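In: Pasting a predicted model and its sequence here:
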Amino acid sequence: MALSANLFLRQSQSLVMTPQLMQSIQLLQMTHFELTQFIAQEVEKNPLLEFASNDEDLGSGGDREAKEERFESAEETHGEDSSERNAGELASDWYESDNTGNANRLSDELDTNFSDGFPDDGSPQRADAPELLSQWKSMPGGEAGESYDLDDFVAGQVSLRDHLNEQIPFSLPAMGDRLIAQHLVDQLDDAGYLRAELNETAERLGATLADLERVLDSLQQLDPPGVFARSLSECLAIQLRQKDRFDPAMERLIENLELLARRDFAMLKRLCGVDEEDLLDMMAEIRQLNPKPGSGFETEISEAIMPDIVVRPSADESWLVELNPDALPRVLVSQSYFASVSKSSQDHAFLSECLQTANWLTRSLDQRAKTIMKVASEIVRQQDAFLVNGVDHLRPLNLKTVADAIKMHESTVSRVTSNKYMLTPRGLFELKYFFTVSISAVEGGDSHSAEAVRHKIRLLISSESPDAVLSDDDIVDTLKKGGIELARRTVAKYREAMNIPSSVQRRREKRALAKVSGF
């Protein structure tokens, strides 16, 4: 059979990832902060896009209703002013009649002079407090006529480096030592630890290692105690020296912190040469120390999470699911500007492309909001018991269940639930929190959520006594009595994931804490 080239006409369907489609997918998985930054960049590039203000959100009907309300309120205010004026005239007529003498006599007897009070125009008395005139800038009667910002009166936060720089001149009088100290201050981390090698620093500065160690010894005496330490052991030792409690037994305890972390109290008693009572006292002193002396000067501001969905109970005992209006971007496409500019402009192709991009962006944002609303509504429907009764009633849920219910793909649901948050009466949760693995029940009962099982394990361990510490097998038996079928290795895995030590370590720690509290 001879090979030859032929032409065939074939019709088929395929999904093409256009740039617009890729942009829609990216918008779907963006957080509120990322979406705000992206829209700000698009508004800057596209002349047809603009941010919508609150006034522009109202249509012409809204403006007309607002004007009518303002007109009606003005009439009511005018009526109230006229009635108040009539009442004032009647009061003045009464006051200036026969009762005037009685009122003057009472004023003299009670030593009341209303003219010395606040004047009618609301301005402060210059003769009484001339130094307070600058505080009335924002009032109409102020001389400057400029308002002040209240943020100017907020006390500024002092950083760790500023706090140390204020103490260095009193501790190191020599200028060369101050330069070395300043270089070491720049090598501190947020916790107050020195992360620099003294040998490399000495070579870089052209100083001797003895000079650096001498300067470092002086810096370790500064406030806060424990600063400029190079390890946790050195940090605790510095604080104990300042308290005059760094004896040989405490020194050996500080040198073996890994044994203290493992709760190996028997080995620590042999190394320190103390009995159990002295060891408990030493442990109580260590608990009072600060392992991160620089944490009190942290100046980073924690950013609040903006919820995308707000869930609250409605009047008919159901749940009202709404999009958070503060998390929704407000952008408008200026059709009038496009019509006015495109007629007289030669860049019609550029403006048409900008209009197409702007329309696609607004449609993508609308589709994003609708998709988030669909997914959130289905999650609320599936986790109704959790919202009513708490984490013990959290149902097992996966992406496929939600995707089949709202007739979308699992990847779409995964993008929607990434870095999106829901504000509920139970608190603020990420949407991923509601998707947990299913744990089988005993004798074919209803399955349990993995998060609910972890919560039960945490409650069982927190409620145990020092004399009755539960092992992993005991937890398995207790869960089985409650209808939860779980293997011992799964309990151990959940326990380690929650940073809960084993039963042997918990027994040692609880007994030690009980004795310390008894003292």
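Out: On my side now, so go ahead.

In: Is K420 in contact with D308, as I believe?
Out: Yes: the pair K420 / D308 is scored as a contact, 4.7 Å apart, by C-beta atoms under 8 Å. Bear in mind the C-beta positions are built from the backbone N, C-alpha and C, glycine included.

In: where's the residue nearest the centre of the chain relative to L423, distance?
Out: The geometric centre of the chain, computed from its C-alpha atoms, lies nearest to A304 (C-alpha atoms, centre = their mean), at 3.2 Å. The gap separating A304 from L423 is 12 Å, by C-beta to C-beta, to the nearest Å.

In: Who are the contact partners of N199?
Out: With contact taken as C-beta atoms under 8 Å, 6 or more residues apart in numbering, N199 is in contact with L209.

In: oh sorry, the question was meant for V469
Out: Neighbours of V469 in contact, by C-beta under 8 Å, 6+ apart: 503, 506-507, 510.

In: Among these, which one lies nearest to V453?
Out: Within these, the smallest distance to V453 is 18.3 Å, found for S503 (C-beta to C-beta).

In: Now for the closest one, how many residues are close by?
Out: As a burial measure, the neighbour count of S503 was computed by other C-beta atoms under 10 Å and equals 18.

In: contacting residues for it?
Out: Contact criterion C-beta under 8 Å, 6+ apart gives 469-472 as the residues in contact with S503.

In: Strands of the stretch 401-519 of the chain, start to end?
Out: According to DSSP state E, counting those that start in this stretch, the stretch 401-519 of the chain carries its strands in the segments 421-424, 427-430, 438-439, 448-449.

In: I should have written the chain there, sorry.
Out: Counting by DSSP state E, the chain has these strands, from start to end: 49-51, 309-313, 319-323, 331-333, 421-424, 427-430, 438-439, 448-449.

In: just these: most buried one?
Out: Mean neighbours per residue, mean count of other C-beta atoms under 10 Å, is largest over these for strand 448-449, with a mean of 24.

In: That one: partners in the sheet, and parallel or antiparallel?
Out: strand 438-439 (antiparallel) (DSSP bridges).

In: Distance of R287 relative to S503?
Out: Relative to S503, R287 is positioned 23 Å away (criterion: C-beta to C-beta).

In: ok, how many other residues are close to R508?
Out: Applying other C-beta under 10 Å, we find 19 other residues in the vicinity of R508.

In: Please report the distance of it from L279.
Out: Between R508 and L279 the distance, using C-beta to C-beta, works out to 12 Å.

In: what residues are shared contacts of the two?
Out: F265.

In: Tell me who's in contact with Q20.
Out: Shown here is Q20, whose contacts under the criterion C-beta under 8 Å, 6+ apart are 360, 364.

In: Poorly predicted segments of the protein, please.
Out: Using pLDDT under 70 as the threshold, the predicted model of the chain has low-confidence ranges 1-2, 53-156, 298-303, 344-346, 441-446, 512-519.

In: residue contacts, the closest residue to V274 other than its chain neighbours?
Out: Taking C-beta to C-beta, 6 or more residues apart in numbering as the measure, V274 lies nearest to A249, with 5.4 Å between them; neighbours along the chain are not counted. By C-beta under 8 Å, 6+ apart, the contact list for A249 reads 272-274, 278, 282.

In: any idea how far A249 is from L260?
Out: As it turns out, when the distance is counted by C-beta to C-beta, A249 lies 13 Å from L260.
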